[in-house]
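Student: need a 3D model of the sequence below.
(chains A and B)
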Number of protein chains: 2
Amino acid sequence: VDVSYVNPFIRSVVDTFKTMFNQEVTPGKPELKKHPYPTYDVSGIIGLSGDAQGAISLSFPKAVALRVVSEMLGSQVKIIGPEVTDGVGELTNIITGYAKKDLSQYRLSISLPSVVIGREHTLATPKGTPTMLVPLKCPLGEFVMEVSLKTR
Amino acid sequence: VDVSYVNPFIRSVVDTFKTMFNQEVTPGKPELKKHPYPTYDVSGIIGLSGDAQGAISLSFPKAVALRVVSEMLGSQVKIIGPEVTDGVGELTNIITGYAKKDLSQYRLSISLPSVVIGREHTLATPKGTPTMLVPLKCPLGEFVMEVSLKTR
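Tutor: As a prediction, the model looks like this:
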(Lines give C-alpha, C1' and ligand atoms only; values in the text may rest on other atoms or scores of the structure.)
Protein backbone atom coordinates (compact mmCIF):
# COMPACT_ATOMS: atom_id res chain seq x y z
CA VAL A 1 0.00 0.00 0.00
CA ASP A 2 1.37 3.41 -0.95
CA VAL A 3 0.99 5.66 2.05
CA SER A 4 3.25 8.48 0.89
CA TYR A 5 0.21 10.80 1.14
CA VAL A 6 0.92 10.89 4.87
CA ASN A 7 4.12 12.92 4.35
CA PRO A 8 2.50 16.27 3.45
CA PHE A 9 0.45 16.03 6.64
CA ILE A 10 3.56 15.40 8.74
CA ARG A 11 5.35 18.34 7.13
CA SER A 12 2.31 20.48 7.73
CA VAL A 13 2.16 19.70 11.46
CA VAL A 14 5.86 20.41 11.84
CA ASP A 15 5.69 23.68 9.89
CA THR A 16 2.47 24.84 11.57
CA PHE A 17 3.78 24.25 15.10
CA LYS A 18 7.03 26.00 14.20
CA THR A 19 5.27 29.01 12.69
CA MET A 20 2.40 29.37 15.16
CA PHE A 21 4.04 28.30 18.42
CA ASN A 22 7.79 28.28 17.72
CA GLN A 23 7.66 24.62 18.77
CA GLU A 24 9.76 21.87 17.26
CA VAL A 25 7.60 18.83 16.59
CA THR A 26 9.41 15.50 16.35
CA PRO A 27 7.37 13.00 14.33
CA GLY A 28 7.65 9.31 15.19
CA LYS A 29 7.50 6.56 12.61
CA PRO A 30 4.07 6.40 10.91
CA GLU A 31 2.44 3.04 11.36
CA LEU A 32 -0.67 1.34 10.11
CA LYS A 33 -3.38 1.68 12.74
CA LYS A 34 -4.51 -1.63 14.20
CA HIS A 35 -6.75 -2.77 17.01
CA PRO A 36 -6.79 -2.08 19.88
CA TYR A 37 -7.12 1.59 19.19
CA PRO A 38 -5.28 4.15 21.28
CA THR A 39 -7.50 6.50 23.27
CA TYR A 40 -7.63 10.28 23.46
CA ASP A 41 -9.42 13.06 25.31
CA VAL A 42 -9.75 15.76 22.65
CA SER A 43 -9.79 15.13 18.88
CA GLY A 44 -10.18 17.43 15.90
CA ILE A 45 -11.52 15.62 12.83
CA ILE A 46 -11.77 16.93 9.30
CA GLY A 47 -13.00 15.27 6.12
CA LEU A 48 -11.37 15.41 2.71
CA SER A 49 -13.09 14.85 -0.59
CA GLY A 50 -12.40 15.39 -4.27
CA ASP A 51 -10.47 12.91 -6.41
CA ALA A 52 -9.72 11.06 -3.15
CA GLN A 53 -11.74 10.69 0.03
CA GLY A 54 -10.24 10.98 3.45
CA ALA A 55 -10.39 11.84 7.10
CA ILE A 56 -7.72 13.45 9.24
CA SER A 57 -7.63 13.68 13.00
CA LEU A 58 -5.38 15.33 15.54
CA SER A 59 -5.85 13.82 18.98
CA PHE A 60 -4.60 15.12 22.30
CA PRO A 61 -4.53 14.17 25.94
CA LYS A 62 -6.48 16.79 27.89
CA ALA A 63 -3.41 18.46 29.41
CA VAL A 64 -1.73 18.80 26.01
CA ALA A 65 -4.88 20.21 24.39
CA LEU A 66 -5.03 22.86 27.12
CA ARG A 67 -1.37 23.80 26.61
CA VAL A 68 -1.68 23.95 22.81
CA VAL A 69 -4.81 26.13 22.93
CA SER A 70 -3.22 28.35 25.59
CA GLU A 71 -0.35 28.93 23.15
CA MET A 72 -2.79 29.69 20.32
CA LEU A 73 -4.66 32.24 22.41
CA GLY A 74 -1.68 33.66 24.28
CA SER A 75 -3.48 33.20 27.59
CA GLN A 76 -3.83 30.27 29.91
CA VAL A 77 -6.85 28.06 29.30
CA LYS A 78 -7.58 25.79 32.24
CA ILE A 79 -10.81 24.03 31.38
CA ILE A 80 -12.04 22.06 28.40
CA GLY A 81 -14.69 24.32 26.90
CA PRO A 82 -15.45 26.37 23.79
CA GLU A 83 -11.94 27.87 23.61
CA VAL A 84 -10.54 24.36 23.34
CA THR A 85 -13.06 23.09 20.78
CA ASP A 86 -12.62 26.24 18.67
CA GLY A 87 -8.84 26.10 18.99
CA VAL A 88 -8.43 22.41 18.19
CA GLY A 89 -10.89 22.72 15.29
CA GLU A 90 -9.02 25.68 13.86
CA LEU A 91 -5.64 23.99 14.26
CA THR A 92 -6.92 20.86 12.49
CA ASN A 93 -8.25 23.06 9.72
CA ILE A 94 -4.98 24.96 9.29
CA ILE A 95 -2.86 21.80 9.22
CA THR A 96 -5.15 20.01 6.78
CA GLY A 97 -5.44 23.05 4.52
CA TYR A 98 -1.69 23.45 4.36
CA ALA A 99 -1.11 19.75 3.59
CA LYS A 100 -3.71 19.91 0.82
CA LYS A 101 -1.44 22.17 -1.23
CA ASP A 102 1.09 19.32 -1.53
CA LEU A 103 -1.60 16.88 -2.64
CA SER A 104 -2.91 18.93 -5.53
CA GLN A 105 -3.10 15.83 -7.73
CA TYR A 106 -6.20 14.81 -5.76
CA ARG A 107 -7.99 18.19 -6.07
CA LEU A 108 -9.00 17.87 -2.43
CA SER A 109 -11.48 20.07 -0.65
CA ILE A 110 -11.88 20.07 3.09
CA SER A 111 -14.96 19.90 5.30
CA LEU A 112 -15.79 21.79 8.47
CA PRO A 113 -13.88 20.39 11.43
CA SER A 114 -15.65 18.49 14.20
CA VAL A 115 -14.17 18.30 17.66
CA VAL A 116 -14.73 15.40 20.02
CA ILE A 117 -14.37 15.82 23.76
CA GLY A 118 -14.53 12.65 25.80
CA ARG A 119 -12.21 10.97 28.24
CA GLU A 120 -10.44 8.07 26.54
CA HIS A 121 -12.49 7.97 23.37
CA THR A 122 -11.31 6.00 20.37
CA LEU A 123 -11.55 6.82 16.69
CA ALA A 124 -12.14 4.44 13.83
CA THR A 125 -12.43 4.63 10.09
CA PRO A 126 -14.56 1.91 8.52
CA LYS A 127 -12.75 -0.99 6.92
CA GLY A 128 -11.44 -0.72 3.39
CA THR A 129 -9.14 2.24 3.89
CA PRO A 130 -5.86 2.06 5.80
CA THR A 131 -5.36 4.63 8.54
CA MET A 132 -1.84 5.81 9.23
CA LEU A 133 -1.05 6.71 12.82
CA VAL A 134 1.67 9.29 13.35
CA PRO A 135 3.00 9.84 16.90
CA LEU A 136 4.08 13.43 17.45
CA LYS A 137 6.06 15.02 20.26
CA CYS A 138 6.91 18.61 21.13
CA PRO A 139 7.74 20.52 24.31
CA LEU A 140 3.98 21.03 24.89
CA GLY A 141 3.50 17.26 25.04
CA GLU A 142 2.71 14.21 22.95
CA PHE A 143 -0.18 13.88 20.54
CA VAL A 144 -1.17 11.81 17.55
CA MET A 145 -2.29 12.41 13.99
CA GLU A 146 -4.34 9.89 12.03
CA VAL A 147 -4.54 10.08 8.25
CA SER A 148 -6.85 8.03 6.02
CA LEU A 149 -7.01 8.64 2.30
CA LYS A 150 -8.80 6.48 -0.21
CA THR A 151 -7.40 7.12 -3.65
CA ARG A 152 -9.50 5.89 -6.53
CA VAL B 1 -30.44 32.07 9.66
CA ASP B 2 -31.74 29.82 6.88
CA VAL B 3 -31.42 26.26 8.07
CA SER B 4 -33.63 24.61 5.46
CA TYR B 5 -30.59 22.55 4.41
CA VAL B 6 -31.37 20.34 7.40
CA ASN B 7 -34.54 18.98 5.77
CA PRO B 8 -32.90 16.73 3.15
CA PHE B 9 -30.91 15.11 5.95
CA ILE B 10 -34.06 14.45 7.97
CA ARG B 11 -35.81 12.97 4.94
CA SER B 12 -32.77 10.84 4.27
CA VAL B 13 -32.70 9.36 7.80
CA VAL B 14 -36.41 8.58 7.63
CA ASP B 15 -36.18 7.00 4.17
CA THR B 16 -32.99 5.06 4.96
CA PHE B 17 -34.38 3.55 8.16
CA LYS B 18 -37.60 2.65 6.35
CA THR B 19 -35.77 1.03 3.45
CA MET B 20 -32.96 -0.70 5.33
CA PHE B 21 -34.69 -1.67 8.58
CA ASN B 22 -38.42 -1.20 7.94
CA GLN B 23 -38.32 1.21 10.89
CA GLU B 24 -40.43 4.36 11.15
CA VAL B 25 -38.26 7.21 12.39
CA THR B 26 -40.08 10.11 14.04
CA PRO B 27 -38.01 13.28 13.85
CA GLY B 28 -38.35 15.83 16.66
CA LYS B 29 -38.14 19.55 16.10
CA PRO B 30 -34.69 20.62 14.87
CA GLU B 31 -33.10 23.12 17.19
CA LEU B 32 -29.98 25.21 17.19
CA LYS B 33 -27.33 23.41 19.22
CA LYS B 34 -26.27 25.29 22.33
CA HIS B 35 -24.15 24.60 25.37
CA PRO B 36 -24.18 22.41 27.33
CA TYR B 37 -23.83 19.78 24.70
CA PRO B 38 -25.68 16.47 24.89
CA THR B 39 -23.46 13.43 25.24
CA TYR B 40 -23.28 10.21 23.25
CA ASP B 41 -21.51 6.86 23.24
CA VAL B 42 -21.08 6.14 19.51
CA SER B 43 -20.97 8.80 16.78
CA GLY B 44 -20.47 8.61 13.03
CA ILE B 45 -19.08 11.82 11.55
CA ILE B 46 -18.74 12.76 7.91
CA GLY B 47 -17.47 15.91 6.28
CA LEU B 48 -19.01 17.75 3.35
CA SER B 49 -17.23 20.07 0.98
CA GLY B 50 -17.84 21.74 -2.35
CA ASP B 51 -19.73 25.02 -2.76
CA ALA B 52 -20.56 24.68 0.96
CA GLN B 53 -18.61 23.17 3.84
CA GLY B 54 -20.18 20.98 6.44
CA ALA B 55 -20.11 18.21 8.96
CA ILE B 56 -22.82 15.68 9.76
CA SER B 57 -23.01 13.35 12.70
CA LEU B 58 -25.30 10.57 13.80
CA SER B 59 -24.92 9.85 17.50
CA PHE B 60 -26.24 6.91 19.48
CA PRO B 61 -26.40 5.62 23.02
CA LYS B 62 -24.47 2.35 23.17
CA ALA B 63 -27.57 0.13 23.38
CA VAL B 64 -29.16 1.80 20.37
CA ALA B 65 -25.97 1.54 18.30
CA LEU B 66 -25.86 -2.20 19.05
CA ARG B 67 -29.49 -2.65 18.00
CA VAL B 68 -29.09 -0.62 14.79
CA VAL B 69 -25.97 -2.51 13.73
CA SER B 70 -27.60 -5.84 14.62
CA GLU B 71 -30.41 -4.89 12.22
CA MET B 72 -27.89 -3.94 9.51
CA LEU B 73 -26.05 -7.25 9.83
CA GLY B 74 -29.07 -9.43 10.48
CA SER B 75 -27.35 -10.95 13.51
CA GLN B 76 -27.08 -9.87 17.10
CA VAL B 77 -24.05 -7.72 17.91
CA LYS B 78 -23.40 -7.54 21.65
CA ILE B 79 -20.16 -5.64 22.00
CA ILE B 80 -18.88 -2.34 20.70
CA GLY B 81 -16.19 -3.37 18.25
CA PRO B 82 -15.34 -3.29 14.55
CA GLU B 83 -18.84 -4.38 13.47
CA VAL B 84 -20.25 -1.32 15.20
CA THR B 85 -17.68 1.15 13.88
CA ASP B 86 -18.04 -0.25 10.35
CA GLY B 87 -21.84 -0.26 10.60
CA VAL B 88 -22.25 3.22 12.02
CA GLY B 89 -19.73 4.59 9.53
CA GLU B 90 -21.55 2.97 6.63
CA LEU B 91 -24.94 4.17 7.84
CA THR B 92 -23.64 7.74 8.19
CA ASN B 93 -22.23 7.48 4.69
CA ILE B 94 -25.49 6.21 3.19
CA ILE B 95 -27.62 8.87 4.88
CA THR B 96 -25.28 11.69 3.94
CA GLY B 97 -24.91 10.48 0.36
CA TYR B 98 -28.66 10.27 -0.09
CA ALA B 99 -29.25 13.76 1.37
CA LYS B 100 -26.60 15.17 -0.94
CA LYS B 101 -28.79 14.51 -3.97
CA ASP B 102 -31.32 17.05 -2.65
CA LEU B 103 -28.62 19.65 -2.11
CA SER B 104 -27.23 19.60 -5.63
CA GLN B 105 -27.03 23.41 -5.67
CA TYR B 106 -23.98 23.11 -3.39
CA ARG B 107 -22.18 20.50 -5.52
CA LEU B 108 -21.24 18.68 -2.34
CA SER B 109 -18.80 15.84 -2.06
CA ILE B 110 -18.47 13.70 1.03
CA SER B 111 -15.45 12.57 3.00
CA LEU B 112 -14.68 9.21 4.55
CA PRO B 113 -16.67 8.69 7.74
CA SER B 114 -14.98 8.66 11.13
CA VAL B 115 -16.55 6.85 14.05
CA VAL B 116 -16.06 7.90 17.66
CA ILE B 117 -16.51 5.43 20.49
CA GLY B 118 -16.42 6.88 23.98
CA ARG B 119 -18.81 6.89 26.89
CA GLU B 120 -20.55 10.26 27.10
CA HIS B 121 -18.42 12.12 24.59
CA THR B 122 -19.54 15.45 23.21
CA LEU B 123 -19.21 16.87 19.73
CA ALA B 124 -18.57 20.46 18.75
CA THR B 125 -18.19 22.41 15.57
CA PRO B 126 -16.04 25.51 15.87
CA LYS B 127 -17.84 28.84 16.16
CA GLY B 128 -19.08 30.62 13.08
CA THR B 129 -21.37 27.92 11.75
CA PRO B 130 -24.68 27.02 13.34
CA THR B 131 -25.22 23.36 14.14
CA MET B 132 -28.76 22.02 13.95
CA LEU B 133 -29.59 19.25 16.38
CA VAL B 134 -32.34 16.84 15.30
CA PRO B 135 -33.74 14.38 17.87
CA LEU B 136 -34.82 11.11 16.26
CA LYS B 137 -36.84 8.25 17.62
CA CYS B 138 -37.69 4.80 16.27
CA PRO B 139 -38.57 1.42 17.78
CA LEU B 140 -34.82 0.65 18.04
CA GLY B 141 -34.39 3.66 20.34
CA GLU B 142 -33.56 7.35 20.36
CA PHE B 143 -30.63 8.95 18.64
CA VAL B 144 -29.57 12.36 17.37
CA MET B 145 -28.36 13.89 14.12
CA GLU B 146 -26.28 17.04 13.99
CA VAL B 147 -25.99 19.04 10.79
CA SER B 148 -23.64 21.97 10.18
CA LEU B 149 -23.41 23.58 6.78
CA LYS B 150 -21.58 26.76 5.96
CA THR B 151 -22.92 28.21 2.75
CA ARG B 152 -20.77 30.85 1.13
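
Student: count of residues packed around the nearest residue to A:Arg107 once chain neighbours are set aside?
Tutor: Of all residues not flanking A:Arg107 in the chain, A:Gly50 sits nearest, at 4.4 Å (Cβ to Cβ, 6 or more residues apart in numbering or on different chains). The C-beta positions use only the backbone N, C-alpha and C, and glycine is treated the same way. Using other Cβ atoms under 10 Å in any protein chain shown, A:Gly50 has 19 neighbouring residues.

Student: same question, A:Ser4
Tutor: 6.

Student: doesn't it fall inside a strand?
Tutor: No - under DSSP: H, G, I helix; E, B strand; the rest coil, A:Ser4 falls outside any strand and is assigned coil.

Student: distance check, the residue most central in space within chain A against B:Tyr98.
Tutor: Centroid check for chain A by Cα atoms, centre = their mean gives A:Leu58 as the closest residue, at 2.4 Å. Separation of A:Leu58 from B:Tyr98 (Cβ to Cβ, to the nearest Å) stands at 30 Å.

Student: swap in A:Ser75?
Tutor: 44 Å.

Student: and the longest helix along chain A, what does it pack onto?
Tutor: In chain A, with assignment by DSSP state H, the single longest helix is helix A:82-100. With contacts taken as 3 or more Cβ pairs under 8 Å, 6 or more residues apart in numbering or on different chains; DSSP states H and E, helix A:82-100 sits against helix A:6-21, strand A:40-49, strand A:52-60, helix A:62-73, strand A:109-110, strand A:114-124, strand B:114-124.

Student: show me the shaky parts of chain A.
Tutor: Chain A contains residues with pLDDT under 70 at A:1, A:36.

Student: hmm, back to that, okay but the residue nearest to A:Arg107 is in contact with B:Arg107, surely?
Tutor: No - using Cβ atoms under 8 Å, A:Gly50 is not in contact with B:Arg107; the gap is 11.6 Å.

Student: shouldn't A:Thr39 be in contact with A:Leu123?
Tutor: No - look at A:Thr39 against A:Leu123 with Cβ under 8 Å: they stay out of range, at 9.1 Å.

Student: who has more neighbours out of the two?
Tutor: A side-by-side neighbour count of A:Thr39 and A:Leu123, using other Cβ under 10 Å, places A:Leu123 first with 26 against 15.

Student: contact partners for the more buried one?
Tutor: A:37, A:40, A:43, A:45, A:57, A:59, A:116, A:146, B:114-117 (Cβ atoms under 8 Å, 6 or more residues apart in numbering or on different chains).

Student: enumerate the beta-bridge partners assigned to it.
Tutor: Note on A:Leu123: beta-bridge partners by DSSP bridges are B:Val116.

Student: who's in contact with the residue nearest to the centre of chain A?
Tutor: Residues in contact with A:Leu58 (Cβ under 8 Å, 6+ apart) are A:13, A:43-44, A:88, A:91-92, A:95, A:143-145.

Student: go again with 10 Å.
Tutor: Counting by Cβ atoms under 10 Å, 6 or more residues apart in numbering or on different chains, A:Leu58 touches A:9, A:13, A:40, A:42-46, A:65, A:68, A:88-89, A:91-92, A:95-96, A:113, A:115, A:134, A:136, A:143-146.

Student: what does A:Pro113 give?
Tutor: Neighbours of A:Pro113 in contact, by Cβ under 10 Å, 6+ apart: A:44-47, A:56-58, A:85-86, A:88-94, A:96, B:45, B:47, B:53, B:55, B:124-126, B:129, B:148.

Student: is it correct that A:Asp102 is in contact with A:Tyr5?
Tutor: Yes - A:Asp102 is in contact with A:Tyr5 according to Cβ atoms under 10 Å; the separation is 9.2 Å.

Student: could you say what helices and strands whichever strand or helix holds A:Ser148 packs with?
Tutor: Take DSSP states H and E as the rule and A:Ser148 turns out to sit in strand A:141-151. If you count contacts as 3 or more Cβ pairs under 10 Å, 6 or more residues apart in numbering or on different chains; DSSP states H and E, strand A:141-151 packs onto helix A:6-21, strand A:40-49, strand A:52-60, helix A:62-73, helix A:82-100, strand A:114-124, strand A:131-138.

Student: I am finished for the moment; much appreciated.
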